[in-house]
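K.L.:
With the sequence up front, the predicted model follows.
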Amino acid sequence: MGRMPIYKLKFVSHKEEIMRKAASNTILKSSLAIIIAGMALVSASAIASSVEEGKKLAFDRKQGNCLACHMIEGGISPGDIGPPLIAMKARFPDRAKLRAQIYDATAANPESIMIPFGRHKALSDAQIDSIIDYMYTL
Ligand code: HEC
């Protein structure tokens, strides 16, 4: 084996570098895909547990107690002081509006007898968010 001319060495190492970059690019892309898929799974399960929590609060006679005034599918002995909570996504596409109703119904309707759950701190912001996640399944 003779000595490789210097210009040829340079060419080989350049080619190797391109291949190495391509390989690490592929690795980077697939690890990103795995991370993104993992994040989607985590957020899907976070939403599922928030929905569960929201349902518990809505049905709990000592907390949200939405059932006292509203018919909610699956709820036992509901009141009918407020409208039935059905088709929420279709009727409240704007999450902020739904949130405002639960946070303080008297802001939109000063005569409302619905408890201003947020304003009175009967429910925390996180609890209201869980109830909204649950409402959107109705
Ligand atoms: C004391 C009775 C009462 C309780 C308890 C109550 N609401 Fe209400 N709610 C009402 C009344 C009455 C209305 C009609 C609009 C108004 O007066 O604000 C209403 C309206 C609503 C609306 C708008 C419905 C529509 O079709 O326009 C939503 C959403 C809602 N309530 C959610 C809840 C949630 C969630 C809870 C529990 C955290 C709850 N309410 C607890 C009385 C109540």
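P.N.:
Cool, the structure landed.
K.L.:
quick one: average confidence on whichever helix in the chain runs longest?
P.N.:
For the chain, the longest helix by residue count, based on DSSP state H, is helix 6-59. Averaged across helix 6-59, the pLDDT comes to 86.
K.L.:
Show me what it is packed up against.
P.N.:
Other helices and strands packing on helix 6-59, by 3 or more Cβ pairs under 8 Å, 6 or more residues apart in numbering; DSSP states H and E, are helix 125-135. Where C-beta positions appear, they are placed from N, C-alpha and C, glycine not excepted.
K.L.:
now the longest helix of the chain, how far from the chain's geometric center?
P.N.:
21 Å (Cα atoms, centre = their mean, to the nearest Å).
K.L.:
And the most centrally placed residue in the chain, how close does it get to A40?
P.N.:
Nearest to the mean C-alpha position of the chain, by Cα atoms, centre = their mean, lies I47 at 5.1 Å. Remark: distance between I47 and A40 (Cβ to Cβ, to the nearest Å) = 11 Å.
K.L.:
what does the chain put close to the ligand?
P.N.:
Taking Cβ under 6 Å from any ligand atom as the measure of proximity, the chain contacts the ligand at 58, 64-66, 68-70, 81-83, 85, 91, 98, 101-102, 105, 109, 112-115, 117, 131.
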